[in-house]
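Novice: sharing a model that was predicted from the sequence below.
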Amino acid sequence: MRVADLAIIGAGPTGLEAAAGAARAGLSAVVLEAGAVAQHVHTWRWVRLFSPFELNAGPAGLGLLRGRGVRLPAPEAILTGEELRTRYLLPLAAAVRSSIEIREGARVRDVARADRLKGEALGSVARADRPFRLLVEENGAETEVFARAVFDCSGTWGQPGWAGPGGAPARGERAARRAIEYHLPDPLGAQRDRYAGRRTLLLGAGHSAATTAVALAALARVIPGTRFTWASRRVSDVPLRPIDEDPLPERAELTRRANAVAVGAAPRLRVAPRGQAPRRQANLRAGSSTSNWRSPGPCGTTTSTASWPASAMSPTTGCTGNSRSTPATPPSVRWASRRPSVRRGATGRPTA
Ligand SMILES: Cc1cc2nc3c(=O)[nH]c(=O)nc-3n(C[C@H](O)[C@H](O)[C@H](O)COP(=O)(O)OP(=O)(O)OC[C@H]3O[C@@H](n4cnc5c(N)ncnc54)[C@H](O)[C@@H]3O)c2cc1C
């Protein structure tokens with residue numbers, strides 16, 4: 001049985017950097033990648049990073065590429081996903097391959113200590129002595145890889161959060177899955193037809209949601225009937241909280257633009273008063289603008305349900321769902337009070 005020093009799951013930016021470190025340390029390692037090198041980054045290739053190149057490349061990777069004639073981006077360059085992939089990650093993978101095997105199309109299905117059940121010899125040397133066994137799906141067959149250590153660099157892109165409480169599915173969410181996009185969409189490019197002239201519910205207040213809000217607002221400016229509602233759990237006047245003296249200007253700018261979209265919207269919403277169960281219908285009209293930022297008011301949050309059950313939506317980053325718009329009639333939206341018990345102390349912070 002061949003046992004490698006290290007098995008790395010995923011050949012994204014993290015896995016490749018780890019592989020470069022392993023090469024530098026002279027370890028025997030294998031990288032197992034379910035798709036192609038930098039598969040996930042390729043998926044959001046049109047998006048511009050908000051961190052400069054120097055923060056997206058590590059010392060081991062840069063060290064490995066030095067002297068190989070690769071023209072690296074300038075440290076301060078703000079790259080798109082595709083530029084990061086082609087100008088750094090693919091050359092890095094090629095350099096790593098000179099000493100470490102990268103297996104593409106190799107999906108890790110399970111990881112366990114070889115010959116030890118999960119409850120056996122816990123915390124003992126007898127357990128730690130056994131290598132890890134990785135069950136790998138590759139070319140339609142199952143293979144095994146053994147390694148003394150495993151780095152899980154599989155990223156988060158493949159495990160997006162559900163929209164319900166605690167990150168579990170909301171009621172009806174699984175049934176509505178086909179209408180929901182769990183990743184950052186491209187409404188101005190490849191997915192234009194999916195969003196143009198339609199009404200979309202955008203959930204979440206992270207940077208993926210911000211990017212999507214800015215893109216949907218741009219689409220709405222040129223395609224009549226394009227509308228969206230942006231909903232978040234945050235109790236605030238704006239969806240994204242700006243970071244004080246943000247060291248990343250691109251991120252600060254995205255935050256500013258996304259919040260401007262929300263503030264520029266014309267919400268005509270009723271917010272359930274503190275402690276009251278939701279019981280009315282509110283009409284949502286975009287007016288001259290094209291989005292509705294639902295500011296939940298000082299004491300509770302409410303969530304719009306354009307095509308979802310009103311029960312338990314708990315927005316997660318960058319989730320969008322949409323349905324055909326009916327421009328002549330403003331959409332009817334039901335409201336659910338989400339956190340009626342939140343109170344604010346003298347500092348303005350919620351108190352228990
Ligand atoms: C739109 C967007 C913009 C971003 N902008 C920035 C930014 O400006 N700055 C920043 O620092 N970060 C940014 N990020 C975060 C960025 O994704 C991460 O910094 C980086 O891609 C994470 O790299 P990773 O290698 O950890 O994961 P990933 O890039 O997700 O790579 C994981 C790899 O593991 C593989 N894999 C998954 N499961 C398995 C399995 N079971 N078996 C084998 N292989 C598997 C995948 O195919 C993939 O290739 C952004 C993310 C998104 C989505």
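Specialist: Everything's here; your move. Numbering: from 1, shown residues only.

Novice: who's in contact with the closest residue to the ligand within the stretch 151-300 of the chain?
Specialist: At 2.2 Å from the ligand, Gly155 is the closest residue in the stretch 151-300 of the chain, using C-beta to the nearest ligand atom. For the C-beta atoms, the positions are set from N, CA and C on the backbone; glycine is no exception. Counting by C-beta atoms under 8 Å, 6 or more residues apart in numbering, Gly155 makes contact with 10, 12, 14, 40.

Novice: which bits of this structure sit near the ligand?
Specialist: Proximity of the chain to the ligand, by C-beta under 6 Å from any ligand atom, involves residues 9-15, 32-35, 39-41, 44, 47, 49-51, 56, 107-108, 153-155, 157-158, 184, 208.

Novice: can you tell me which strand in this protein is longest?
Specialist: Within the chain, and with DSSP state E defining each element, the longest strand by residue count is strand 141-152.

Novice: residues in contact with that one?
Specialist: 1-10, 15, 18, 29-30, 32, 106, 109, 111, 114, 131-136.

Novice: buried members of the residues you listed into PyMOL, please.
Specialist: Per 16 or more other C-beta atoms under 10 Å, the buried members of the contacts of strand 141-152 correspond to this PyMOL selection:
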select buried, resi 4+6+7+8+9+10+15+18+29+30+32+106+111+131+132+133+134+136
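
Novice: just the contacts of strand 141-152: which are in helices?
Specialist: Using DSSP state H, 15, 18 are the members of those that sit in helices.

Novice: which ones among the contacts of strand 141-152 map onto strands?
Specialist: Reading strands off the contacts of strand 141-152 with DSSP E, I get 3-9, 29-30, 32, 106, 109, 111, 132-136.

Novice: any idea how far Arg233 lies from Thr43?
Specialist: Applying C-beta to C-beta, to the nearest Å, the value for Arg233 to Thr43 is 26 Å.

Novice: please enumerate the helices of the stretch 51-200 of the chain.
Specialist: For the stretch 51-200 of the chain, helices defined by DSSP state H, counting those that start in this stretch occupy the ranges 53-56, 59-65, 81-84, 90-96, 125-128, 192-195.

Novice: so how far is the second one off the chain centroid?
Specialist: Between the centre of helix 59-65 and the centre of its host chain there is 27 Å, according to C-alpha atoms, centre = their mean, to the nearest Å.

Novice: what's the burial count for the closest residue to Ala7 other than its chain neighbours?
Specialist: Leaving aside its sequence neighbours, Ala7 sits nearest to Ala147 (C-beta to C-beta, 6 or more residues apart in numbering; 3.6 Å). Per other C-beta atoms under 10 Å, the neighbour tally for Ala147 reads 23.

Novice: quick check: beta-bridge partners of Ala147?
Specialist: As for beta bridges, Ala147 partners with Ala4, Phe132 under DSSP bridges.
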